[in-house]
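Chemist: heads up, no residue letters with this:
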């Protein structure tokens, strides 16, 4: 059984805010090293986590790399698109 995190509003975060996901898509342009480096620098991933996300995106076509509200994810989206990675906020 899992426990829900309760925030100061008394509601779980998922209920209190519209939680979205930043999704990284596979492409045939960027190298694994570049994608891993970007996930570490932009999203604050550990290198191992970034490598796993890059592999998931490669083999499954996409991978959720960050969660939050649209406003929280927008700067990550902007920087990753500036670096020519294919991402969306779903």
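Modeler: It's in. A quick note: this is a predicted structure, and the numbers were derived from the prediction, not measured. Numbers count the residues shown, from 1 in each chain.
Chemist: ok, for residue 30, nearest residue in space, not its chain neighbours?
Modeler: Computed as C-beta to C-beta, 6 or more residues apart in numbering, the closest residue to residue 30 that is not its neighbour in sequence is residue 85, at 6.2 Å. To be clear about C-beta, it is placed using only N, CA and C from the backbone, and glycine gets the same treatment.
Chemist: contacting residues for the one you found?
Modeler: Contacts for residue 85 (C-beta atoms under 8 Å, 6 or more residues apart in numbering) come out as 24, 27, 30, 35, 38.
Chemist: list buried residues within these.
Modeler: 24, 30, 35, 38 (16 or more other C-beta atoms under 10 Å).
Chemist: let me know the closest of those to residue 62.
Modeler: residue 24 (6.5 Å; C-beta to C-beta).
Chemist: picking up where we left off before, from residue 18, how far off is the residue nearest to residue 30?
Modeler: Residue 85 sits 24 Å away from residue 18, going by C-beta to C-beta, to the nearest Å.
Chemist: again, but for residue 55
Modeler: 29 Å.
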